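Enquirer: I need the structure of the sequence given here:
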Amino acid sequence: MASERTYSDKLLLFLKGLAMGTANKVPGVSGGAVAFVLGFYEELIYTFQKINSKAFKLILGRRYKSLYEYLNLSFLFLVMGGSLFSYFSISILLDFLLTNYEMYVWSTFFGMIIGSVYYIGKKYESWSLNNSFVVLIGALIGCALSFMPPAQENSNLWFVFLCGIIGVSGMTLPGLSGSFLLMLLGNYVLLLVDSVNVVFDVTRNVIMGNFEILSDSFHRKYLKIAITFFMGSFVGLVTISHILGYVLKRWNAIINALIIGFIAGSLGVVWPWKEKIYKTINGIQVLDQQQNPILENYERFLPNLQDTATWSALAFVLLGIAIVLSLDYYEQKRN
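Expert: Now for the predicted structure:
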C-alpha cells in the first residue's frame with residue numbers, strides 16, 4: 001500500500017518518475033520501458049485505470065480521503081511529480097548532452113536497452129515457442145517504426161488531439177517512444193518544442209503581471225494547441241490504461257512477451273551511428289520558431305572500427321548495460 005511507503009521509498013519513487021520523464025522526452029526512448037524495468041509499470045497502469053465512474057462518484061460525494069486512497073494519489077503525485085520535474089532539470093542537461101555529445105548519449109541508451117532486454121528476459125518465466133514468436137513480432141514492429149518516413153506538420157486541433165492520444169503511448173506501452181511517434185506524425189517540434197516554449201513564456205509573463213500576452217494571436221494559437229494536446233494525452237492515458245489493465249490481467253504472459261519485443265525493436269531507433277536529415281522545401285532548409293533546422297529523419301550507417309570515436313561509443317554502450325544490470329544487483333541485494 002502507498003501509505004506504508006517509507007521516506008526512502010518515496011524518494012526512490014520520485015527518482016524513478018524523474019527517469020521516466022527524461023526518457024519520455026527523447027525520441028526513440030520509451031518512458032514506459034523505464035517504468036517496466038524499474039518495477040512500477042503495472043502499478044502505474046492500474047492506478048490510471050482507477051480514473052473511472054467510481055472516482056467521479058467519490059468527488060461528487062466529497063469523499064476526498066477515500067478518493068485519495070482509491071486513486072493511489074500518493075504514488076501518482078510522486079511519479080508524475082518526478083516526471084514533470086525532469087523537464088526543468090535532467091531534461092535540460094540531456095538537451096545539452098544531445099547537442100554536444102549526441103553519439104555518446106545514443107550509445108548509452110542503446111546499451112541500456114540491451115541491458116533492459118536481458119534484465120526483463122531473465123525475469124520472464126513464461127518462455128515458450130508461441131511467446132518467443134510474439135517477442136519476434138514485437139521486435140519487428142518496433143524496428144519497422146524506426147525506418148518510417150515522418151509526415152508533415154499539422155496544427156489542426158483534431159489531429160493535435162489524436163497526437164496526444166498516440167503520444168502518451170510512450171508512457172503506457174513500453175518500447176514504443178511517444179516522442180518518436182510524434183516525430184513520425186510530423187508534430188514533435190510543434191507539440192514538444194514550440195508549444196512548450198510558448199506555455200513557459202505565457203506562464204512567466206502572467207506571473208509577472210503581464211496579462212496582455214493572452215490577447216496576442218500567436219500565443220493564443222499555441223496555447224490552444226498545448227491545451228488540446230494535453231486533453232488528448234489525458235484521454236489516451238485513461239483509455240489505453242483501461243485496455244492494458246484488462247489485457248494484462250487476462251494475457252499477462254503474451255503482453256509481457258510483446259513488450260520485450262517492442263523494447264528490443266527500439267534498438268533500431270536509438271542506433272548510435274547515424275546522421276541527421278533535416279527538413280527542406282525546394283532545397284531550402286526549414287527552420288522552427290527558434291530558427292533551428294527541423295529534424296526530418298536519420299540516415300544510419302555501420303560503425304568504423306578504425307575511428308577512435310567508435311570505440312568511445314562502444315564504451316558508453318557498455319556503460320548503459322552496466323547501469324541496468326546494477327539494478328539487478330541492487331534488487332537481489334535488497335531481497
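
Enquirer: and K274, how far is that from L73?
Expert: When distance is defined by Cβ to Cβ, to the nearest Å, K274 is 41 Å away from L73. In short, each C-beta sits where N, CA and C put it, glycine included.

Enquirer: show me where the chain has its strands.
Expert: With DSSP state E applied, the chain shows strands at 274-278, 280-281, 284-285, 295-300, listed in chain order.

Enquirer: would TSV of these with mean neighbour count, distance to N24 and mean pLDDT be doable?
Expert: As requested, the strands of the chain are arranged in TSV below (neighbours: other Cβ atoms under 10 Å; distance: least, Cβ to Cβ, whole Å; pLDDT from 0 to 100):
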stretch	mean neighbour count	distance to N24	mean pLDDT
strand 274-278	13	21	79
strand 280-281	10	29	74
strand 284-285	9	28	74
strand 295-300	15	18	72
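
Enquirer: nearest to G268, out of the ones you listed?
Expert: Proximity to G268, assessed across those by Cβ to Cβ, is greatest for strand 295-300 (8.0 Å).

Enquirer: what does the pLDDT read for S3?
Expert: Here, the pLDDT recorded for S3 equals 49.

Enquirer: so which of the strands of the chain is nearest F211?
Expert: In this view, those are compared for proximity to F211 by Cβ to Cβ, and strand 295-300 is the closest at 35.1 Å.

Enquirer: poorly predicted segments of the stretch 51-200 of the chain, please.
Expert: Within the stretch 51-200 of the chain, the segments meeting pLDDT under 70 span 88, 91-92, 170.

Enquirer: same question, the stretch 201-335 of the chain
Expert: Ranges of the stretch 201-335 of the chain meeting pLDDT under 70: 288-292, 294-297, 328, 330-335.

Enquirer: neighbours of the residue nearest to S179 when sequence neighbours are not counted, just the number please.
Expert: Leaving out its chain neighbours, the residue that sits closest to S179 by Cβ to Cβ, 6 or more residues apart in numbering is P27, at 4.6 Å. Other residues within reach of P27, judged by other Cβ atoms under 10 Å, total 20.

Enquirer: against K274, how distant is P27?
Expert: Taking Cβ to Cβ as the criterion, P27 is separated from K274 by 12 Å.

Enquirer: for S146, same thing?
Expert: Look at S146 and K274: by Cβ to Cβ, they are 10 Å apart.

Enquirer: give me the contact list for stretch 128-142.
Expert: The list of residues contacting stretch 128-142 from outside it, by Cβ atoms under 8 Å, 6 or more residues apart in numbering, reads 175-176, 253-254, 257-269.

Enquirer: and those residues, which of them are buried?
Expert: Burial by neighbour count, judged by 16 or more other Cβ atoms under 10 Å, picks out 175-176, 254, 257-269 from those.
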